[in-house]
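Q: Predicted model follows, preceded by the sequence.
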Amino acid sequence: TMPKEPSVLRQNILDTTAAILACGIDPKKCFLFRQSLVPEHAELAWILGCITNVPRLLRLPQWKMKCASQNNEGTVGLLTYPVLQAADILLYKSTRVPVGEDQVLHLELAQDIAQHFNKKYGEFFPMPKAILSEM
């Protein structure tokens, strides 16, 4: 959610891809793709953002901490990032999502959004459950 130089972003994509492959992820056995090239992520984030209320987002601790660290000048991107995360999860109808403890509230937001969407439009999204990573 912070502005970056395009060349740095391009290098980050290459570095992240190399790290994923170095960890043993086999692209012959899984899908490896650049999320930013899939417009449905942003499209679903827009739809979900239209049914998510701002006070709910403002209560998230990550928003409060990051906004405070930016002299209370947090951006819309920072505020709505959890909705994009929800879209990333729900787009693929994920049922289990590996998260760290710091992301549990964001997953709960995704669950709330899925419930609200399903109640309004019919059962569409399964309820994603957290798989907590151990450190």
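A: Now that the structure is in, tell me what you want to look at.

Q: all helices of this protein, in order?
A: 6-22, 39-49, 54-58, 61-69, 76-91, 104-121 (DSSP state H).

Q: tell me the mean pLDDT over the second one?
A: Confidence for helix 39-49, expressed as mean pLDDT, is 97.

Q: how about it: buried residues?
A: His41, Leu44, Ala45, Leu48, Gly49 (16 or more other CB atoms under 10 Å). C-beta coordinates here come from the backbone N, C-alpha and C atoms, glycine included.

Q: okay if I get the helices of the chain as TSV plus distance to Lys28?
A: Output for these, formatted as TSV (distance: least, CB to CB, whole Å):
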stretch	distance to Lys28
helix 6-22	11
helix 39-49	24
helix 54-58	39
helix 61-69	36
helix 76-91	23
helix 104-121	30
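
Q: from those, which stretch is densest packed?
A: Mean neighbour count (mean count of other CB atoms under 10 Å) peaks for helix 76-91 among the helices of the chain, with a mean of 19.

Q: Would you mind listing the residues in contact with the nearest residue in space to Gln85 that is not next to it in sequence?
A: The spatial neighbour of Gln85 that comes closest, neighbours along the chain excluded (CB to CB, 6 or more residues apart in numbering), is His106 at 5.3 Å. Shown in contact with His106 (CB atoms under 8 Å, 6 or more residues apart in numbering): Leu60, Gln62, Pro82, Gln85, Ala86, Val99.

Q: and what of Met2?
A: Met2 touches nothing, counting by CB under 8 Å, 6+ apart.

Q: Relative to Thr95, how far out is it?
A: To Thr95, Met2 is 32 Å away according to CB to CB, to the nearest Å.

Q: how much distance is there from the helix or strand of the chain with the lowest mean pLDDT to the middle of the chain?
A: Lowest by mean pLDDT, DSSP states H and E among the helices and strands of the chain is helix 61-69, with a mean of 82. How far helix 61-69 lies from its chain's middle: 17 Å, per CA atoms, centre = their mean, to the nearest Å.

Q: same check, this time on stretch 75-87
A: With CA atoms, centre = their mean, you get 7 Å for stretch 75-87.
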